[in-house]
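> need a 3D model of the sequence below.
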Amino acid sequence: MKRSIKAISAFMLVAVMVFSLTACGGIDINKVAGKWHVESINGKAAADFAAENGVVEAGVQKVVDISEKETSITCIIDGVVSVSKGETVIRADGIESTIDNTLFPFKYDEKADTLTYSIKIGDVQYDYVYSRGDFDFNAALAPAVDESAYAEEDYSEEYAEEEYAE
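Model prediction:
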């Protein structure tokens, strides 16, 4: 009888340890690690949302770079590319990070492979959806080049009758 109680107790102790370890975990960081850029804001494509608000897409774009230890957000602040960082905290439904005294709770949708984040500023709610990938802020902010200034000129007639001696 003593033997049975010891065996049952040992089995129960192992079961409790196994279940307690699985309950502590959050999402697998490998599912969300990497770069994510704004796909849409309030259901509108980032470029369309920017155009409606009279700014270039880079003005509303953000890139979130997530690793196991750190989360960074790259965006435009006062016309300059800025990177802010905070510690990554893994949650059951995503990650969160406090960056510049602002909490960013990103929820991960595994089926859609997207991150979402919502913030209320004044009376307006902004719902951001992020998809995998990067955004080139420097290219987006570069001034447009006037291609007509580089039009090719035709010199074929000017040099057509010249012969070159060897």
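
> in the sheet, who's paired with the residue lying closest to I99 once chain neighbours are set aside?
The shortest distance from I99 to any residue other than its chain neighbours is 3.9 Å, reached at G86 (CB to CB, 6 or more residues apart in numbering). (C-beta placed from N, C-alpha, C; glycine too.) The partner list for G86 in beta bridges (DSSP bridges) reads T71.

> contacts only, for G86.
Counting by CB atoms under 8 Å, 6 or more residues apart in numbering, G86 touches E70, T71, S72, S97, T98, I99, D100, F104.

> out of these, who has the most neighbours?
Within these, most neighbours by other CB atoms under 10 Å means T71, with 23 neighbours.

> am I right that that one is in contact with K62?
No - using CB atoms under 8 Å, T71 is not in contact with K62, being 11.7 Å away.

> next, show the common contact partners of the two.
Counting by CB under 8 Å, 6+ apart, nothing touches both T71 and K62.

> Serialize the contacts of G86 to a markdown table and add fields for distance to V80.
Output for the contacts of G86, formatted as a markdown table (distance: CB to CB, whole Å):
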| residue | distance to V80 |
| --- | --- |
| E70 | 21 |
| T71 | 21 |
| S72 | 16 |
| S97 | 22 |
| T98 | 23 |
| I99 | 17 |
| D100 | 15 |
| F104 | 21 |
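
> identify the residue spatially nearest to the one residue sitting closest to the centre of the chain, adjacent ones excluded.
In the chain, the centroid-proximal residue (CA atoms, centre = their mean) is W36; its distance is 2.0 Å. Closest residue in space to W36, ignoring its immediate chain neighbours: Y130 at 3.9 Å, by CB to CB, 6+ apart.

> neighbours of the one you found, how many?
23.

> helix/strand/coil for it?
Secondary structure assignment for Y130 (DSSP: H, G, I helix; E, B strand; the rest coil): strand.

> averaged pLDDT, the helix or strand that contains A139. What do you get?
Per DSSP states H and E: A139 is located in helix 137-141. On average, the pLDDT along helix 137-141 is 82.

> got the CA positions of it in PDB?
Only the C-alpha atoms of helix 137-141 are listed here, as PDB (Å, rounded to 0.1, in the frame of the first residue of the first chain):
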ATOM      1  CA  PHE A 137      11.600  55.400 -45.100                       C
ATOM      2  CA  ASN A 138      14.700  57.000 -46.800                       C
ATOM      3  CA  ALA A 139      13.400  56.200 -50.300                       C
ATOM      4  CA  ALA A 140       9.900  57.400 -49.400                       C
ATOM      5  CA  LEU A 141      11.200  60.700 -48.200                       C
END
